[in-house]
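Undergrad: fold the following and give me the result.
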Amino acid sequence: MMSRPPIGHKRQSSQSMKKLLKEWVRACVTRPPYNITITNLSKSFGDGKAFSALVHSLSTVVLKKEPYSWQKIQTQTPLQRMTLAFNTAQRVLRVDSLLDADDTVGYQDQKSECNEYL
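TA: As a prediction, the model looks like this:
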């Protein structure tokens, strides 16, 4: 007979995964040239900079060159940043877009969707 996991086991596992995911994102985007502060995985993605930095960081490793100018990202609107990041993630990293750039700007209310996409 299979035993059931203790009550709260799934929650602890989910919390551990979220913590690991946040640590991984921080490792990718808190260093230069990005210097993005990640407080949580919803609010920190609202302006598109953190997501753009993550995609830029990973794509640079794959391509061995910048997929887009990081300096240019600083002058773009949140929607422009998210659109470029989603398009680059799909083209370079082969990650299908589960979210729409229009729906992700402001991210505060879409924590689970952001976690799932990452």
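Undergrad: use CA for all of it now, contacts and neighbours both
TA: Fine.
Undergrad: centroid residue for this protein?
TA: Residue closest to the average C-alpha location in the chain (C-alpha atoms, centre = their mean): F51, at 4.4 Å.
Undergrad: check contacts around it.
TA: F51 is in contact with 45, 82, 85, counting by C-alpha atoms under 8 Å, 6 or more residues apart in numbering.
Undergrad: ok, now with 7 Å
TA: Contacts for F51 (C-alpha atoms under 7 Å, 6 or more residues apart in numbering) come out as 45, 85.
Undergrad: same check, this time on T75
TA: Taking C-alpha under 7 Å, 6+ apart, one finds nothing in contact with T75.
Undergrad: cool, and T60?
TA: 66-67 are the contacts of T60 under C-alpha under 7 Å, 6+ apart.
Undergrad: I'd like the distance between it and S16.
TA: T60 sits 28 Å away from S16, taking C-alpha to C-alpha, to the nearest Å as the criterion.
Undergrad: likewise for A53?
TA: 23 Å.
Undergrad: over to R94?
TA: Relative to S16, and taking C-alpha to C-alpha, R94 is found at 26 Å.
Undergrad: now the helices: where do they sit in the protein?
TA: 9-29, 49-63, 70-73, 78-92, 101-104, 111-117 (DSSP state H).
Undergrad: mind checking pLDDT for the residue nearest to the centre of the chain?
TA: Note for F51: predicted pLDDT of 91.
Undergrad: over to the one 4 residues further on?
TA: The predicted structure scores V55 at 95 on the pLDDT scale.
Undergrad: likewise the one 4 residues further on?
TA: Looking at S59, its pLDDT reads 95.
Undergrad: burial measure for it, as a count.
TA: Look at S59: counted by other C-alpha atoms under 10 Å, it has 21 neighbours.
Undergrad: hmm, it is touching R91, no?
TA: No: look at S59 against R91 with C-alpha atoms under 7 Å: they stay out of range, at 9.6 Å.
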